[in-house]
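K.L.:
how would this look folded up:
(chains A and B)
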Amino acid sequence: MVMISGQKVSQRNGQAILELAIFGSLIIVLFGILIHYGLRYKNQQQLNQITFRNALKTTEGSAAADYPISVTTVNIHDRHIPDPANAFAQGSIMPFSSSDVVTRNPALFLTPNTTAEAPHVKINFLEDKYQNPDSLFFPTSGVWESQYNEDSYKKLVEIYGQSNVWAIKESKRICTNATCGPGGVSQGGYEVRFEPASLVPISGPYYPKNCHWYYGICQCDDGKIVTFALGGGIGAPDQCPLPKGEYCSCEEDQEQEVAVRYKVNDPLQGWIIDYDSSVRYCRMLIDPWACSYECRRTSDQLPESLKRCDDVCNLELDPNKLPNLCKGAQMVSTSPSRYCFPRINALFGISQDDCMRGDKVYPKSLGLQQDYSQETTNTSSRKTSQAGANLTSQDKIRNSVAIKRKIAYHFPLEEEPVRHEDDLGVRTVEHKVDIDMETK
Amino acid sequence: MPSGLFLQNREGQSTLEMTFALIAAFILIFAVLRFFIWVNKAFVLQNHDYELTRTSAASYQLGQNVDYTQHPDFKIFDNE
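P.N.:
The predicted structure follows:
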(Lines give C-alpha, C1' and ligand atoms only; values in the text may rest on other atoms or scores of the structure.)
Protein backbone atom coordinates (compact mmCIF):
# COMPACT_ATOMS: atom_id res chain seq x y z
CA MET A 1 0.00 0.00 0.00
CA VAL A 2 2.78 2.32 0.95
CA MET A 3 4.71 1.36 -2.09
CA ILE A 4 1.74 2.07 -4.27
CA SER A 5 1.23 5.36 -2.50
CA GLY A 6 4.94 6.10 -3.00
CA GLN A 7 4.63 5.39 -6.65
CA LYS A 8 1.67 7.69 -6.85
CA VAL A 9 3.59 10.41 -5.04
CA SER A 10 6.51 9.99 -7.40
CA GLN A 11 4.20 10.24 -10.40
CA ARG A 12 2.59 13.40 -9.06
CA ASN A 13 6.04 14.97 -8.52
CA GLY A 14 6.97 14.19 -12.08
CA GLN A 15 3.70 15.67 -13.25
CA ALA A 16 4.37 18.95 -11.49
CA ILE A 17 7.84 19.24 -13.03
CA LEU A 18 6.42 18.33 -16.41
CA GLU A 19 3.70 20.95 -16.07
CA LEU A 20 6.24 23.57 -15.15
CA ALA A 21 8.51 22.60 -18.00
CA ILE A 22 5.75 22.58 -20.61
CA PHE A 23 3.65 25.53 -19.51
CA GLY A 24 6.66 27.55 -18.42
CA SER A 25 8.34 27.20 -21.80
CA LEU A 26 5.04 27.86 -23.55
CA ILE A 27 4.58 31.06 -21.58
CA ILE A 28 8.16 32.14 -22.37
CA VAL A 29 7.63 31.44 -26.06
CA LEU A 30 4.33 33.34 -25.94
CA PHE A 31 6.04 36.30 -24.30
CA GLY A 32 8.75 36.09 -26.94
CA ILE A 33 6.16 36.25 -29.69
CA LEU A 34 4.44 39.22 -28.04
CA ILE A 35 7.76 41.07 -27.72
CA HIS A 36 8.50 40.25 -31.33
CA TYR A 37 5.13 41.66 -32.44
CA GLY A 38 5.50 44.76 -30.30
CA LEU A 39 8.92 45.60 -31.73
CA ARG A 40 7.84 44.76 -35.24
CA TYR A 41 4.93 47.19 -35.23
CA LYS A 42 6.94 49.91 -33.51
CA ASN A 43 9.76 49.60 -36.05
CA GLN A 44 7.34 49.35 -38.95
CA GLN A 45 5.57 52.53 -37.83
CA GLN A 46 8.94 54.30 -37.67
CA LEU A 47 9.92 53.15 -41.13
CA ASN A 48 6.53 54.07 -42.63
CA GLN A 49 6.89 57.57 -41.22
CA ILE A 50 10.46 57.92 -42.47
CA THR A 51 9.57 56.62 -45.92
CA PHE A 52 6.70 59.03 -46.33
CA ARG A 53 8.91 61.95 -45.36
CA ASN A 54 11.61 60.73 -47.76
CA ALA A 55 9.00 60.50 -50.50
CA LEU A 56 7.90 64.03 -49.65
CA LYS A 57 11.49 65.18 -49.99
CA THR A 58 11.71 63.78 -53.52
CA THR A 59 9.01 66.19 -54.67
CA GLU A 60 11.34 69.13 -54.08
CA GLY A 61 12.18 69.59 -57.74
CA SER A 62 9.47 67.52 -59.34
CA ALA A 63 8.28 70.41 -61.48
CA ALA A 64 11.80 71.33 -62.59
CA ALA A 65 13.47 70.24 -65.82
CA ASP A 66 15.47 66.99 -65.79
CA TYR A 67 13.98 65.93 -62.49
CA PRO A 68 11.59 62.98 -62.12
CA ILE A 69 7.94 63.99 -61.97
CA SER A 70 7.34 61.25 -59.44
CA VAL A 71 9.64 59.06 -57.39
CA THR A 72 8.62 55.86 -55.68
CA THR A 73 10.71 55.66 -52.53
CA VAL A 74 11.51 52.20 -51.23
CA ASN A 75 13.25 51.91 -47.87
CA ILE A 76 14.73 48.68 -46.58
CA HIS A 77 15.94 48.45 -43.03
CA ASP A 78 17.25 45.25 -41.51
CA ARG A 79 16.86 45.34 -37.75
CA HIS A 80 17.73 43.15 -34.89
CA ILE A 81 14.82 41.63 -33.00
CA PRO A 82 15.53 39.92 -29.67
CA ASP A 83 14.26 36.40 -29.57
CA PRO A 84 14.22 34.20 -26.44
CA ALA A 85 14.57 31.16 -28.66
CA ASN A 86 18.11 32.24 -29.59
CA ALA A 87 21.11 32.01 -27.34
CA PHE A 88 21.60 35.11 -25.18
CA ALA A 89 18.45 36.53 -26.81
CA GLN A 90 20.60 37.61 -29.71
CA GLY A 91 17.66 37.07 -31.94
CA SER A 92 17.32 37.24 -35.63
CA ILE A 93 17.53 39.96 -38.24
CA MET A 94 14.22 41.01 -39.58
CA PRO A 95 13.90 43.02 -42.78
CA PHE A 96 11.52 45.96 -42.63
CA SER A 97 10.44 47.57 -45.86
CA SER A 98 8.18 50.40 -46.80
CA SER A 99 7.45 52.30 -49.99
CA ASP A 100 5.68 55.55 -50.76
CA VAL A 101 5.11 57.86 -53.65
CA VAL A 102 4.07 61.49 -53.43
CA THR A 103 3.15 63.50 -56.50
CA ARG A 104 2.81 67.20 -56.05
CA ASN A 105 -0.05 69.08 -57.64
CA PRO A 106 2.00 70.86 -60.35
CA ALA A 107 3.64 67.57 -61.36
CA LEU A 108 0.26 65.91 -61.84
CA PHE A 109 -0.22 67.89 -65.01
CA LEU A 110 3.26 67.35 -66.39
CA THR A 111 4.46 64.78 -68.83
CA PRO A 112 8.13 63.81 -68.90
CA ASN A 113 10.12 65.32 -71.75
CA THR A 114 13.19 63.19 -71.14
CA THR A 115 14.03 59.92 -69.44
CA ALA A 116 15.46 61.94 -66.55
CA GLU A 117 11.97 63.35 -66.00
CA ALA A 118 10.27 59.94 -66.22
CA PRO A 119 9.00 58.28 -63.03
CA HIS A 120 11.79 56.67 -61.02
CA VAL A 121 12.19 54.16 -58.23
CA LYS A 122 14.51 55.22 -55.45
CA ILE A 123 15.83 52.44 -53.25
CA ASN A 124 17.41 53.23 -49.90
CA PHE A 125 19.16 50.57 -47.92
CA LEU A 126 19.11 52.10 -44.46
CA GLU A 127 21.79 51.73 -41.84
CA ASP A 128 21.16 51.72 -38.13
CA LYS A 129 19.71 54.96 -36.86
CA TYR A 130 18.53 55.58 -40.42
CA GLN A 131 21.86 56.99 -41.51
CA ASN A 132 23.62 56.74 -44.83
CA PRO A 133 20.76 56.22 -47.22
CA ASP A 134 22.61 55.18 -50.37
CA SER A 135 19.98 56.05 -52.89
CA LEU A 136 19.76 54.17 -56.13
CA PHE A 137 17.66 55.63 -58.91
CA PHE A 138 16.04 53.54 -61.59
CA PRO A 139 13.70 54.92 -64.26
CA THR A 140 10.53 52.90 -64.73
CA SER A 141 9.95 54.27 -68.21
CA GLY A 142 11.94 55.99 -70.91
CA VAL A 143 11.17 58.82 -73.29
CA TRP A 144 12.01 58.61 -76.97
CA GLU A 145 11.07 60.83 -79.84
CA SER A 146 10.62 60.52 -83.53
CA GLN A 147 9.85 62.63 -86.51
CA TYR A 148 6.12 63.06 -86.80
CA ASN A 149 4.24 60.39 -88.65
CA GLU A 150 0.47 60.48 -88.49
CA ASP A 151 -0.11 56.71 -88.62
CA SER A 152 2.54 55.77 -86.08
CA TYR A 153 1.41 58.59 -83.80
CA LYS A 154 -2.23 57.50 -83.81
CA LYS A 155 -1.39 53.87 -83.21
CA LEU A 156 1.01 54.63 -80.37
CA VAL A 157 -1.60 56.86 -78.74
CA GLU A 158 -3.96 53.89 -78.74
CA ILE A 159 -1.35 51.49 -77.33
CA TYR A 160 0.43 53.66 -74.76
CA GLY A 161 -2.44 55.99 -73.93
CA GLN A 162 -3.10 59.64 -74.65
CA SER A 163 -1.08 60.89 -71.70
CA ASN A 164 2.06 58.99 -72.73
CA VAL A 165 2.26 60.03 -76.38
CA TRP A 166 2.23 63.62 -77.45
CA ALA A 167 2.99 65.60 -80.53
CA ILE A 168 5.50 68.44 -80.46
CA LYS A 169 4.16 71.33 -82.42
CA GLU A 170 5.94 74.29 -83.82
CA SER A 171 4.54 77.52 -85.01
CA LYS A 172 4.96 77.74 -88.79
CA ARG A 173 4.18 80.14 -91.51
CA ILE A 174 1.93 78.09 -93.73
CA CYS A 175 1.54 79.11 -97.31
CA THR A 176 -2.15 78.83 -98.10
CA ASN A 177 -1.94 79.93 -101.69
CA ALA A 178 1.08 79.23 -103.83
CA THR A 179 2.16 79.42 -107.38
CA CYS A 180 4.15 76.32 -108.28
CA GLY A 181 5.70 74.68 -111.28
CA PRO A 182 8.18 75.54 -114.00
CA GLY A 183 7.94 79.10 -114.94
CA GLY A 184 5.58 79.80 -112.11
CA VAL A 185 2.52 77.91 -113.35
CA SER A 186 -0.21 78.40 -110.82
CA GLN A 187 -1.33 75.29 -108.93
CA GLY A 188 -3.38 77.14 -106.37
CA GLY A 189 -5.27 75.44 -103.62
CA TYR A 190 -2.26 73.57 -102.23
CA GLU A 191 -0.44 74.32 -99.04
CA VAL A 192 3.27 74.75 -99.23
CA ARG A 193 5.19 74.71 -95.99
CA PHE A 194 8.71 76.03 -95.67
CA GLU A 195 10.88 74.91 -92.82
CA PRO A 196 12.56 76.47 -91.04
CA ALA A 197 10.30 79.32 -91.80
CA SER A 198 12.86 81.93 -90.90
CA LEU A 199 15.30 80.71 -93.55
CA VAL A 200 12.92 80.91 -96.42
CA PRO A 201 11.44 84.20 -97.45
CA ILE A 202 7.79 83.30 -97.72
CA SER A 203 7.13 85.99 -100.18
CA GLY A 204 10.02 85.08 -102.45
CA PRO A 205 10.40 82.10 -104.78
CA TYR A 206 11.78 78.79 -103.48
CA TYR A 207 13.68 76.33 -105.66
CA PRO A 208 13.60 72.81 -104.16
CA LYS A 209 16.67 70.62 -104.73
CA ASN A 210 16.57 66.79 -104.87
CA CYS A 211 13.49 66.29 -102.75
CA HIS A 212 12.26 62.96 -101.45
CA TRP A 213 9.47 61.77 -99.23
CA TYR A 214 10.39 61.09 -95.63
CA TYR A 215 7.68 60.20 -93.14
CA GLY A 216 5.03 61.97 -95.12
CA ILE A 217 7.11 65.09 -95.53
CA CYS A 218 8.86 66.13 -98.67
CA GLN A 219 12.43 66.84 -97.62
CA CYS A 220 14.90 68.47 -99.93
CA ASP A 221 18.68 68.23 -99.92
CA ASP A 222 19.07 71.85 -98.98
CA GLY A 223 17.45 71.04 -95.60
CA LYS A 224 14.13 72.65 -96.40
CA ILE A 225 10.81 70.87 -96.29
CA VAL A 226 7.89 71.15 -98.64
CA THR A 227 4.55 69.62 -97.73
CA PHE A 228 1.27 69.75 -99.50
CA ALA A 229 -2.05 69.41 -97.79
CA LEU A 230 -3.81 66.10 -97.93
CA GLY A 231 -6.22 65.90 -100.80
CA GLY A 232 -4.18 68.39 -102.72
CA GLY A 233 -3.92 66.05 -105.64
CA ILE A 234 -0.30 66.66 -106.49
CA GLY A 235 1.77 63.50 -106.74
CA ALA A 236 1.45 60.14 -105.07
CA PRO A 237 2.43 59.86 -101.37
CA ASP A 238 5.70 58.14 -102.27
CA GLN A 239 7.09 60.95 -104.32
CA CYS A 240 7.62 64.62 -103.90
CA PRO A 241 5.00 66.88 -105.34
CA LEU A 242 7.51 69.04 -107.12
CA PRO A 243 9.90 67.72 -109.72
CA LYS A 244 13.46 68.95 -109.66
CA GLY A 245 13.81 72.39 -111.04
CA GLU A 246 10.29 73.50 -110.27
CA TYR A 247 9.59 76.05 -107.66
CA CYS A 248 6.82 77.59 -105.65
CA SER A 249 6.25 81.10 -104.61
CA CYS A 250 3.84 81.92 -101.86
CA GLU A 251 1.01 84.28 -102.51
CA GLU A 252 -0.79 84.08 -99.18
CA ASP A 253 0.39 82.68 -95.85
CA GLN A 254 -0.66 82.37 -92.22
CA GLU A 255 0.84 81.15 -88.96
CA GLN A 256 -0.22 77.68 -87.83
CA GLU A 257 0.76 75.07 -85.24
CA VAL A 258 2.26 72.09 -87.01
CA ALA A 259 3.19 68.71 -85.50
CA VAL A 260 6.84 68.09 -86.31
CA ARG A 261 7.82 65.35 -83.89
CA TYR A 262 6.20 63.13 -81.32
CA LYS A 263 7.43 61.82 -78.01
CA VAL A 264 6.54 58.62 -76.25
CA ASN A 265 6.82 57.89 -72.55
CA ASP A 266 7.45 54.20 -73.05
CA PRO A 267 7.20 51.74 -70.12
CA LEU A 268 9.30 49.29 -72.13
CA GLN A 269 12.23 51.71 -71.95
CA GLY A 270 12.41 51.68 -68.16
CA TRP A 271 15.31 50.06 -66.33
CA ILE A 272 12.94 48.23 -64.05
CA ILE A 273 9.92 46.87 -65.86
CA ASP A 274 7.18 44.36 -65.33
CA TYR A 275 6.90 41.10 -67.29
CA ASP A 276 3.16 41.06 -67.91
CA SER A 277 2.88 44.64 -69.11
CA SER A 278 5.99 44.24 -71.32
CA VAL A 279 4.46 41.24 -73.08
CA ARG A 280 1.13 43.04 -73.39
CA TYR A 281 2.67 46.15 -74.97
CA CYS A 282 4.88 44.15 -77.35
CA ARG A 283 1.94 42.02 -78.43
CA MET A 284 -0.12 45.10 -79.18
CA LEU A 285 2.74 46.71 -81.06
CA ILE A 286 3.39 43.79 -83.39
CA ASP A 287 -0.10 42.35 -83.78
CA PRO A 288 -3.01 44.50 -85.08
CA TRP A 289 -5.52 41.88 -83.89
CA ALA A 290 -4.17 42.03 -80.31
CA CYS A 291 -4.17 45.83 -80.45
CA SER A 292 -7.78 45.87 -81.61
CA TYR A 293 -8.78 43.28 -79.01
CA GLU A 294 -7.36 45.39 -76.16
CA CYS A 295 -8.83 48.56 -77.65
CA ARG A 296 -12.30 47.00 -77.91
CA ARG A 297 -12.16 45.85 -74.32
CA THR A 298 -11.71 49.41 -73.10
CA SER A 299 -14.03 51.11 -75.58
CA ASP A 300 -17.67 52.00 -75.00
CA GLN A 301 -18.74 49.19 -77.39
CA LEU A 302 -20.51 51.59 -79.75
CA PRO A 303 -20.15 50.53 -83.40
CA GLU A 304 -18.18 53.64 -84.33
CA SER A 305 -15.78 53.10 -81.40
CA LEU A 306 -15.20 49.49 -82.38
CA LYS A 307 -14.57 50.53 -85.97
CA ARG A 308 -12.13 53.18 -84.77
CA CYS A 309 -10.23 50.48 -82.84
CA ASP A 310 -9.88 48.38 -85.98
CA ASP A 311 -8.90 51.37 -88.10
CA VAL A 312 -6.27 52.65 -85.70
CA CYS A 313 -4.76 49.25 -84.99
CA ASN A 314 -4.43 48.46 -88.68
CA LEU A 315 -2.33 51.55 -89.23
CA GLU A 316 1.26 50.90 -90.18
CA LEU A 317 3.80 51.37 -87.41
CA ASP A 318 7.29 52.46 -88.33
CA PRO A 319 9.29 49.20 -87.79
CA ASN A 320 12.36 51.17 -86.70
CA LYS A 321 10.41 52.37 -83.71
CA LEU A 322 9.71 48.90 -82.35
CA PRO A 323 11.38 48.61 -78.90
CA ASN A 324 14.38 46.27 -78.79
CA LEU A 325 12.60 44.03 -76.30
CA CYS A 326 9.81 43.26 -78.78
CA LYS A 327 12.09 42.16 -81.59
CA GLY A 328 12.41 38.52 -82.68
CA ALA A 329 8.91 37.55 -81.51
CA GLN A 330 7.79 34.01 -82.27
CA MET A 331 4.12 33.17 -82.64
CA VAL A 332 2.85 30.31 -80.50
CA SER A 333 -0.83 30.26 -81.41
CA THR A 334 -3.12 32.21 -83.68
CA SER A 335 -6.52 32.37 -82.01
CA PRO A 336 -6.09 34.21 -79.80
CA SER A 337 -2.68 35.29 -80.99
CA ARG A 338 0.07 34.43 -78.52
CA TYR A 339 3.73 35.22 -78.82
CA CYS A 340 7.00 34.44 -77.11
CA PHE A 341 9.46 37.29 -76.97
CA PRO A 342 12.97 35.84 -76.61
CA ARG A 343 14.50 39.07 -75.32
CA ILE A 344 11.82 39.58 -72.69
CA ASN A 345 12.11 35.94 -71.68
CA ALA A 346 15.89 36.23 -71.34
CA LEU A 347 15.44 39.32 -69.21
CA PHE A 348 13.04 37.60 -66.83
CA GLY A 349 14.88 34.27 -66.69
CA ILE A 350 12.34 32.28 -68.71
CA SER A 351 13.34 29.54 -71.10
CA GLN A 352 12.18 30.30 -74.64
CA ASP A 353 11.51 26.58 -75.14
CA ASP A 354 9.17 26.46 -72.12
CA CYS A 355 7.38 29.49 -73.46
CA MET A 356 7.01 27.99 -76.93
CA ARG A 357 5.65 24.76 -75.45
CA GLY A 358 3.00 26.80 -73.66
CA ASP A 359 4.21 25.83 -70.19
CA LYS A 360 3.35 28.08 -67.31
CA VAL A 361 6.18 30.53 -66.84
CA TYR A 362 7.49 32.03 -63.63
CA PRO A 363 9.27 35.29 -64.41
CA LYS A 364 11.98 36.49 -62.03
CA SER A 365 11.07 40.06 -61.27
CA LEU A 366 13.33 43.04 -61.86
CA GLY A 367 14.07 45.48 -59.06
CA LEU A 368 14.97 44.59 -55.51
CA GLN A 369 15.30 40.83 -55.23
CA GLN A 370 13.32 39.00 -52.58
CA ASP A 371 16.09 36.55 -51.74
CA TYR A 372 19.10 37.75 -49.86
CA SER A 373 22.02 36.16 -48.07
CA GLN A 374 23.17 36.79 -44.55
CA GLU A 375 26.37 35.84 -42.83
CA THR A 376 26.28 35.56 -39.07
CA THR A 377 29.39 35.90 -36.92
CA ASN A 378 29.33 35.19 -33.20
CA THR A 379 32.28 35.92 -30.95
CA SER A 380 32.48 35.78 -27.21
CA SER A 381 35.36 36.64 -24.89
CA ARG A 382 35.85 36.53 -21.15
CA LYS A 383 38.47 38.40 -19.18
CA THR A 384 39.02 37.71 -15.51
CA SER A 385 41.41 39.57 -13.25
CA GLN A 386 42.05 39.39 -9.53
CA ALA A 387 43.47 42.12 -7.34
CA GLY A 388 43.57 41.20 -3.68
CA ALA A 389 40.12 40.09 -2.67
CA ASN A 390 38.50 41.69 -5.73
CA LEU A 391 37.60 39.46 -8.63
CA THR A 392 36.60 41.24 -11.80
CA SER A 393 35.21 39.56 -14.85
CA GLN A 394 34.21 40.97 -18.21
CA ASP A 395 32.14 39.05 -20.70
CA LYS A 396 31.69 40.31 -24.22
CA ILE A 397 29.35 38.78 -26.72
CA ARG A 398 29.31 40.08 -30.25
CA ASN A 399 26.72 39.06 -32.78
CA SER A 400 27.17 40.45 -36.24
CA VAL A 401 25.02 39.76 -39.27
CA ALA A 402 26.10 40.89 -42.75
CA ILE A 403 23.20 41.06 -45.20
CA LYS A 404 23.70 41.08 -48.93
CA ARG A 405 20.93 42.09 -51.28
CA LYS A 406 20.74 42.25 -55.02
CA ILE A 407 18.96 44.39 -57.53
CA ALA A 408 18.08 43.37 -61.08
CA TYR A 409 17.53 45.77 -63.97
CA HIS A 410 18.29 46.20 -67.66
CA PHE A 411 19.56 48.88 -70.01
CA PRO A 412 16.79 49.35 -72.58
CA LEU A 413 19.03 51.06 -75.12
CA GLU A 414 21.23 47.99 -75.50
CA GLU A 415 20.59 46.22 -78.79
CA GLU A 416 19.88 43.01 -76.91
CA PRO A 417 18.93 43.99 -73.36
CA VAL A 418 20.16 41.51 -70.77
CA ARG A 419 19.45 41.06 -67.11
CA HIS A 420 21.96 42.79 -64.84
CA GLU A 421 22.11 41.73 -61.23
CA ASP A 422 24.19 43.94 -58.99
CA ASP A 423 25.01 43.68 -55.34
CA LEU A 424 23.48 46.47 -53.36
CA GLY A 425 26.39 46.31 -50.98
CA VAL A 426 26.57 44.77 -47.57
CA ARG A 427 24.84 46.10 -44.51
CA THR A 428 25.95 44.88 -41.13
CA VAL A 429 23.70 44.73 -38.10
CA GLU A 430 25.56 44.30 -34.84
CA HIS A 431 24.28 43.29 -31.45
CA LYS A 432 26.54 43.65 -28.45
CA VAL A 433 26.19 42.26 -24.95
CA ASP A 434 28.66 43.38 -22.25
CA ILE A 435 28.57 41.88 -18.77
CA ASP A 436 30.91 43.36 -16.15
CA MET A 437 31.01 41.73 -12.73
CA GLU A 438 33.02 42.59 -9.64
CA THR A 439 33.14 40.21 -6.69
CA LYS A 440 34.70 41.03 -3.35
CA MET B 1 1.36 8.81 11.07
CA PRO B 2 4.13 8.00 8.60
CA SER B 3 1.55 8.21 5.91
CA GLY B 4 0.43 11.56 7.32
CA LEU B 5 4.00 12.83 7.30
CA PHE B 6 4.35 11.89 3.68
CA LEU B 7 1.19 13.80 2.91
CA GLN B 8 2.48 16.87 4.71
CA ASN B 9 5.73 16.72 2.74
CA ARG B 10 3.93 16.44 -0.53
CA GLU B 11 1.75 19.44 0.28
CA GLY B 12 4.80 21.42 1.25
CA GLN B 13 6.54 20.54 -1.95
CA SER B 14 3.70 21.65 -4.17
CA THR B 15 3.43 24.90 -2.22
CA LEU B 16 7.14 25.45 -2.67
CA GLU B 17 6.88 24.69 -6.37
CA MET B 18 3.93 27.01 -6.69
CA THR B 19 5.82 29.75 -4.86
CA PHE B 20 8.79 29.53 -7.20
CA ALA B 21 6.54 29.24 -10.23
CA LEU B 22 4.50 32.27 -9.16
CA ILE B 23 7.60 34.34 -8.47
CA ALA B 24 8.97 33.47 -11.90
CA ALA B 25 5.60 34.13 -13.51
CA PHE B 26 5.25 37.49 -11.78
CA ILE B 27 8.75 38.53 -12.86
CA LEU B 28 7.94 37.59 -16.42
CA ILE B 29 4.56 39.31 -16.32
CA PHE B 30 6.18 42.42 -14.83
CA ALA B 31 8.86 42.46 -17.52
CA VAL B 32 6.36 41.97 -20.29
CA LEU B 33 4.07 44.64 -18.85
CA ARG B 34 7.00 47.06 -18.71
CA PHE B 35 7.87 46.17 -22.24
CA PHE B 36 4.35 46.81 -23.49
CA ILE B 37 4.16 50.08 -21.64
CA TRP B 38 7.39 51.05 -23.44
CA VAL B 39 6.09 49.89 -26.83
CA ASN B 40 2.84 51.80 -26.44
CA LYS B 41 4.66 54.85 -25.21
CA ALA B 42 6.92 54.61 -28.25
CA PHE B 43 3.89 54.40 -30.53
CA VAL B 44 2.40 57.51 -28.98
CA LEU B 45 5.70 59.44 -28.95
CA GLN B 46 6.46 58.54 -32.55
CA ASN B 47 3.03 59.58 -33.71
CA HIS B 48 3.06 62.75 -31.61
CA ASP B 49 6.42 63.89 -32.96
CA TYR B 50 5.45 62.91 -36.47
CA GLU B 51 2.28 65.01 -36.36
CA LEU B 52 4.13 67.85 -34.66
CA THR B 53 6.55 68.15 -37.59
CA ARG B 54 3.87 67.63 -40.23
CA THR B 55 3.54 71.25 -41.31
CA SER B 56 7.25 72.01 -41.39
CA ALA B 57 8.03 68.75 -43.17
CA ALA B 58 5.65 69.72 -45.94
CA SER B 59 6.91 73.28 -46.32
CA TYR B 60 10.11 74.97 -45.16
CA GLN B 61 11.86 71.80 -44.00
CA LEU B 62 10.72 69.51 -46.74
CA GLY B 63 10.95 65.86 -45.83
CA GLN B 64 12.28 66.55 -42.33
CA ASN B 65 12.32 63.36 -40.28
CA VAL B 66 11.52 62.84 -36.64
CA ASP B 67 14.61 62.33 -34.49
CA TYR B 68 13.77 58.90 -33.13
CA THR B 69 17.05 58.71 -31.21
CA GLN B 70 15.55 61.14 -28.68
CA HIS B 71 12.93 58.60 -27.66
CA PRO B 72 13.73 56.59 -24.53
CA ASP B 73 15.26 53.14 -24.80
CA PHE B 74 13.68 50.18 -23.11
CA LYS B 75 14.58 49.83 -19.43
CA ILE B 76 12.83 47.46 -17.07
CA PHE B 77 13.60 49.44 -13.92
CA ASP B 78 12.91 52.98 -14.94
CA ASN B 79 10.45 55.13 -13.03
CA GLU B 80 9.94 57.71 -15.76
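K.L.:
right, and the secondary structure at the one residue in chain B that gets nearest to chain A would be what?
P.N.:
Chain B approaches chain A most closely through residue B:63 (2.6 Å), counting by CB to the nearest CB. For every residue, glycine as well, the C-beta is placed using N, CA and C. For residue B:63, the secondary structure call by DSSP: H, G, I helix; E, B strand; the rest coil comes out as coil.
K.L.:
which residues touch it?
P.N.:
Going by CB atoms under 8 Å, 6 or more residues apart in numbering or on different chains, residue B:63 touches A:53-58, A:60, B:57.
K.L.:
In those residues, find the pair that's most separated.
P.N.:
A:58 and B:57 (12.9 Å; CB to CB).
K.L.:
Give me the mean pLDDT for the longest helix along chain A.
P.N.:
Ranked by residue count under DSSP state H, the longest helix found in chain A is helix A:2-57. Across helix A:2-57, pLDDT averages out at 78.
K.L.:
Tell me the helix or strand right after it.
P.N.:
Of the helices and strands lying after helix A:2-57 in sequence (DSSP states H and E), the nearest is strand A:71-81.
K.L.:
Put the buried members of the contacts of residue B:63 into a ChimeraX selection.
P.N.:
Command for ChimeraX that selects the buried part of the contacts of residue B:63, burial taken from 16 or more other CB atoms under 10 Å in any protein chain shown:
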select /A:53,54,55,56,57,58 /B:57
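K.L.:
Now the closest residue to chain B within the stretch 1-150 of chain A: closest residue in space, sequence neighbours ignored.
P.N.:
For the stretch 1-150 of chain A, the residue closest to chain B is residue A:57, as judged by CB to the nearest CB, at 2.6 Å. Nearest residue to residue A:57, sequence neighbours excluded (CB to CB, 6 or more residues apart in numbering or on different chains): residue B:63, at 2.6 Å.
K.L.:
What score does the one you found have for pLDDT?
P.N.:
Looking at residue B:63, its pLDDT reads 82.
K.L.:
Also residue A:219?
P.N.:
Looking at residue A:219, its pLDDT is 58.
K.L.:
How much space separates residue A:359 from residue A:263?
P.N.:
38 Å (CB to CB, to the nearest Å).
K.L.:
Look at those two and report which has more neighbours.
P.N.:
A count of neighbours by other CB atoms under 10 Å in any protein chain shown puts residue A:263 above the other of residue A:359 and residue A:263, at 19 against 11.
K.L.:
Contacts only, for the more buried one.
P.N.:
A:113, A:143-145, A:165-166, A:168.
K.L.:
Over to residue A:381?
P.N.:
Here residue A:381 is in contact with A:395-396 (CB under 8 Å, 6+ apart).
K.L.:
Check which residues of the helix or strand containing it are buried.
P.N.:
Element membership for residue A:381 (DSSP H and E) is strand A:373-387. Within strand A:373-387, the residues scored as buried using 16+ other CB under 10 Å are residue A:374.
K.L.:
repeat for stretch A:99-113
P.N.:
A:99-104, A:107, A:112-113.
K.L.:
In strands, which of the residues you listed appear?
P.N.:
Judged by DSSP state E, the subset of the buried residues of stretch A:99-113 located in strands is A:99-102.
K.L.:
what are the phi and psi angles of the residue of chain B closest to chain A?
P.N.:
Main-chain torsions, residue B:63, degrees, to the nearest 10: phi 80, psi 10.
K.L.:
Tell me the spacing between it and residue A:42.
P.N.:
On the measure of CB to CB, residue B:63 and residue A:42 end up 22 Å apart.
K.L.:
ranges for the strands of chain B?
P.N.:
Under DSSP E, chain B gives no strands.
K.L.:
which regions of it sit below the pLDDT cut-off?
P.N.:
Residues of chain B meeting the criterion pLDDT under 70: B:1-11, B:78-80.
K.L.:
The same query, at a cut-off of 50, please.
P.N.:
B:1 (pLDDT under 50).
K.L.:
which non-adjacent residue is nearest residue A:284?
P.N.:
Using CB to CB, 6+ apart and skipping residues adjacent in sequence, the residue nearest residue A:284 is residue A:291, 4.4 Å away.
K.L.:
how far away is the one you found from chain B?
P.N.:
Per CB to the nearest CB, to the nearest Å, residue A:291 is found 42 Å from chain B.
K.L.:
With residue A:406 instead?
P.N.:
For residue A:406, the distance to chain B equals 27 Å [CB to the nearest CB].
K.L.:
That residue: what secondary structure?
P.N.:
Following three-state DSSP, residue A:406 is assigned to strand.
K.L.:
Show me what counts as buried in the one helix or strand residue A:309 maps to.
P.N.:
Using DSSP H and E, residue A:309 maps to helix A:303-313. Using 16+ other CB under 10 Å as the burial criterion, the residues of helix A:303-313 that qualify are A:308-309, A:312-313.
K.L.:
And what about residue A:398, helix, strand or coil?
P.N.:
Looking at residue A:398 with three-state DSSP, the answer is strand.
K.L.:
what sits opposite it in the beta ladder?
P.N.:
Taking DSSP bridges as the rule, residue A:398 bridges to residue A:379, residue A:432.
K.L.:
gap between it and residue A:430?
P.N.:
Separation of residue A:398 from residue A:430 (CB to CB): 7 Å.
K.L.:
residues from the stretch 51-200 of chain A in reach of chain B?
P.N.:
When proximity is defined by CB under 8 Å from any CB of the partner chain, the stretch 51-200 of chain A lies next to chain B at A:53-60, A:129-130.
K.L.:
now, the most widely separated pair of those?
P.N.:
The span of these, defined through CB to CB, is set by A:59 and A:129 at 24.7 Å.
K.L.:
So residue A:259 sits against residue A:165, correct?
P.N.:
No: contact status for residue A:259 versus residue A:165: not in contact, 11.6 Å apart, counting by CB atoms under 8 Å.
K.L.:
Leaving out the residues flanking it, which one is nearest to the residue sitting nearest the centre point of chain A?
P.N.:
For chain A, the residue nearest the mean C-alpha position is residue A:140 (2.2 Å; CA atoms, centre = their mean). Of all residues not flanking residue A:140 in the chain, residue A:270 sits nearest, at 4.2 Å (CB to CB, 6+ apart).
K.L.:
OK, contacts around that neighbour?
P.N.:
Counting by CB under 8 Å, 6+ apart, residue A:270 touches A:118, A:138-142, A:412.
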